[in-house]
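Peer 1: coordinates only, sequence not included:
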């Protein structure tokens, strides 16, 4: 699916979708497996969220 997405759409949008997927997987590990997040993890998620918002706002 990733190769098709890169062929059909701008690479920056496809990469940002991959970053959103990372956020959901971290949140699922906290909710399902009851893992505890460290402060550096929270900072990384915040930074990742800001980068996705910046990419989407450039539309």
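Peer 2: Structure received. These numbers come from a predicted model, not from an experiment.

Peer 1: Tell me the buried residues in the longest helix anywhere in the chain?
Peer 2: As assigned by DSSP state H, the longest helix anywhere in the chain is helix 11-33. Neighbour counts over helix 11-33 (16 or more other Cβ atoms under 10 Å) mark 14, 16, 26 as buried. Just so you know, the C-beta spots here come from the backbone N, C-alpha and C atoms, and that holds for glycine as well.

Peer 1: Quickly name whichever of those is closest to residue 55.
Peer 2: Nearest to residue 55 among the buried residues of helix 11-33: residue 16, at 4.5 Å, using Cβ to Cβ.

Peer 1: Am I right that that closest one is in contact with residue 52?
Peer 2: Yes: between residue 16 and residue 52 a contact is recorded at 5.0 Å, counting by Cβ atoms under 8 Å.

Peer 1: Toward the C-terminus, what is the element adjacent to the longest helix of the chain?
Peer 2: Later in the chain than helix 11-33, the nearest helix or strand by DSSP states H and E is helix 39-57.

Peer 1: which strands and helices sit next to that next one?
Peer 2: Under the contact criterion of 3 or more Cβ pairs under 8 Å, 6 or more residues apart in numbering; DSSP states H and E, helix 39-57 touches helix 11-33.

Peer 1: The helix it packs on - what's its average pLDDT?
Peer 2: Mean pLDDT, helix 11-33: 84.

Peer 1: cool, stretch 48-58 as well?
Peer 2: For stretch 48-58, the per-residue pLDDT averages 81.

Peer 1: which parts of it are buried?
Peer 2: Across stretch 48-58, burial judged by 16+ other Cβ under 10 Å covers 48, 52, 55.
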